[in-house]
Every structure is written in structure tokens, then in C-alpha cells.
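Chemist: Any chance you could fold what I've pasted below:
(one chain, ligands or ions: 1)
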Amino acid sequence: MLKVLVCVSGGGTNLQALIDGVESGLVRDTEIVRVISNNKNAYALTRARQHGIENVCVSPGDFPDRAAFHEAFLQAVEEAAPDLVVLAGFLVVIPEQMIHKYRNRILNIHPSLIPSFCGTGYYGLKVHEKVLERGVKVTGATVHFVDEGTDTGPILLQQAVEVKAGDTPQSLQRRVMEEAEWVLLPRAVELFAQGMITVRDGRAEIACRQ
Ligand code: GAR
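Modeler: Predicted structure coming up:
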């Protein structure tokens, strides 16, 4: 069984897609062992609770400084002893120590086609606002491994999504979630669980099925 830890900050629709994937058997040999949120009001925590998944909140505001928060966060991660960490709308920068320890074992979902509309300041609805401002006709989502940079790690999966006339950031966000994010994230975890992924020279490759 692949033990997966999911980190969240908000609504948790990507967490839900993963839960649904595991419960339906689309994502095999996988158990979501813990959900960590930095925000105690995140609806994602309720989703975890509803599905009997252990959940904890580790909030920066509850600690005197960043170092103390990082220590508590790392402890909450270590306790779960995960094989894979999934950042599903987690809006906190991961401590460098954790990136080293879990190299090629942390996946992030980002709501654009990296390397477009990513990096510092590009998260959540802001990404879709920038996409509409720039007037691109195609956007999408990316699942990638996390390295020391912001959205710079090896790309695993991408899915393009059409930008339509009259889109608002909200309507575009919804389409990107439905057509890309909620499909890609469970697929990425299934590929990981089945040992289908190799990362070499900063590039993620998927083995061909026999
Ligand atoms: C998702 O669109 C995810 O791609 C994005 O936050 C949203 C979380 O929604 N993540 C980022 O922007 C990370 N840079 P959710 O809580 O409903 O899954």
C-alpha cells in the first residue's frame, strides 16, 4: 500500500478527487493516511473527516516564528511516515529540509500549463485572472514533482483546457478543475503507486504499460 499524505489550504476539491479515485478503485494500492492543513477553516479538513481520514491543522499563526512552524509541520509529516506527499492546493512554501528528504516523492498540482503562469504570486484564482488578462486561448493544469524552486520541478502530467469567450476567472477555474486537475491528480498518484514513474536528469518519465 502506498501511504499518501495530502497537504491542503482551502476547499479541497483536488483532495476529494483523490479520495474518490481511491474509493472507486481508479487509484489502486493507495491509502490516504493523513491530511494536513495550514488553515483550520479549510473545508478540505471536513472532507477528510467525512471519509475517516486522520487530519490535522498546523498553522503558522500558532507559532512564534517560521522555524518553529516548520519544525511542527515536519513533525506532522513524519508522524504519518508517507511514501508520497501530495500538495493539493497547499499555499505554504515547503521547508527545504523536507524537499531534500522527500526528493521525487512530493507532487504538486498547479492550475496552468507550466512554465506559463507559474512561480511566485501565481496561485489559485490569481492564475486564471492572469490568463484572462494576457488573452491566451489555451490554458490547463500541471502535476509536477516539487524541487527547491517555485513550480520548477520535473513535470509529470499536463492537460490543456480551452479558454472561452466570456470566461470569468471563476468559470475558467472551474473548467480547469473539471477537465484537467481532477483527472490528472488521481492519475498521477495511480502511476506513482504502480511504480510507473522514473525521474532522471530533472525529467519525469512514465513507463509504457506492457
Ligand atoms: C487548485 O486549483 C490548485 O491547482 C491550486 O489551488 C486550487 C486548490 O483548490 N494550486 C495552486 O495554485 C498552487 N500553486 P482545491 O482546494 O479545491 O483543491
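Chemist: alpha carbons only for contacts and neighbour counts from here, please
Modeler: Noted.
Chemist: low pLDDT regions in this structure?
Modeler: Within the chain, the segments meeting pLDDT under 70 span 209-210.
Chemist: got the residues of it near the ligand?
Modeler: Applying C-alpha under 6 Å from any ligand atom, we find that the chain lies next to the ligand at 10-15, 88-89, 109-111, 123-124.
Chemist: Might you specify the subset of those residues located within helices?
Modeler: Secondary structure from DSSP state H places 13-15 of the residues of the chain next to the ligand in helices.
Chemist: What are the buried residues along the host helix or strand of residue 128?
Modeler: If you go by DSSP states H and E, residue 128 is part of helix 125-134. Of all the residues in helix 125-134, those buried under the rule 16 or more other C-alpha atoms under 10 Å are 127-129, 131-132.
Chemist: just to revisit the earlier point, format the ones in helices among the residues of the chain next to the ligand as a markdown table; extra columns: neighbour count.
Modeler: Putting these into a markdown table (neighbours: other C-alpha atoms under 10 Å) gives the following:
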| residue | neighbour count |
| --- | --- |
| 13 | 19 |
| 14 | 26 |
| 15 | 27 |
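Chemist: Can you tell me which of the residues of the chain next to the ligand is nearest residue 146?
Modeler: residue 109 (9.8 Å; C-alpha to C-alpha).
Chemist: and the nearest residue to that closest one once chain neighbours are set aside, what does it touch?
Modeler: Using C-alpha to C-alpha, 6 or more residues apart in numbering and skipping the chain neighbours, the partner closest in space to residue 109 is residue 143 (4.5 Å). Residues near residue 143 by C-alpha atoms under 8 Å, 6 or more residues apart in numbering: 107-110, 155-158, 184-185, 188.
Chemist: Show me which positions of stretch 162-173 end up buried.
Modeler: Neighbour-count burial for stretch 162-173 [16+ other C-alpha under 10 Å]: 163, 169, 172-173.
Chemist: pull the CA atoms of it into PDB?
Modeler: C-alpha atoms of stretch 162-173 as PDB (Å, rounded to 0.1, in the frame of the first residue of the first chain):
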ATOM      1  CA  GLU A 162      -9.700  25.900 -23.800                       C
ATOM      2  CA  VAL A 163     -10.300  29.500 -22.700                       C
ATOM      3  CA  LYS A 164     -13.700  30.500 -23.900                       C
ATOM      4  CA  ALA A 165     -15.100  34.000 -24.800                       C
ATOM      5  CA  GLY A 166     -16.800  35.500 -21.800                       C
ATOM      6  CA  ASP A 167     -14.900  33.400 -19.300                       C
ATOM      7  CA  THR A 168     -14.500  34.900 -15.800                       C
ATOM      8  CA  PRO A 169     -11.700  33.800 -13.500                       C
ATOM      9  CA  GLN A 170     -14.200  31.700 -11.700                       C
ATOM     10  CA  SER A 171     -15.700  30.000 -14.800                       C
ATOM     11  CA  LEU A 172     -12.200  29.300 -16.100                       C
ATOM     12  CA  GLN A 173     -11.000  27.900 -12.700                       C
END
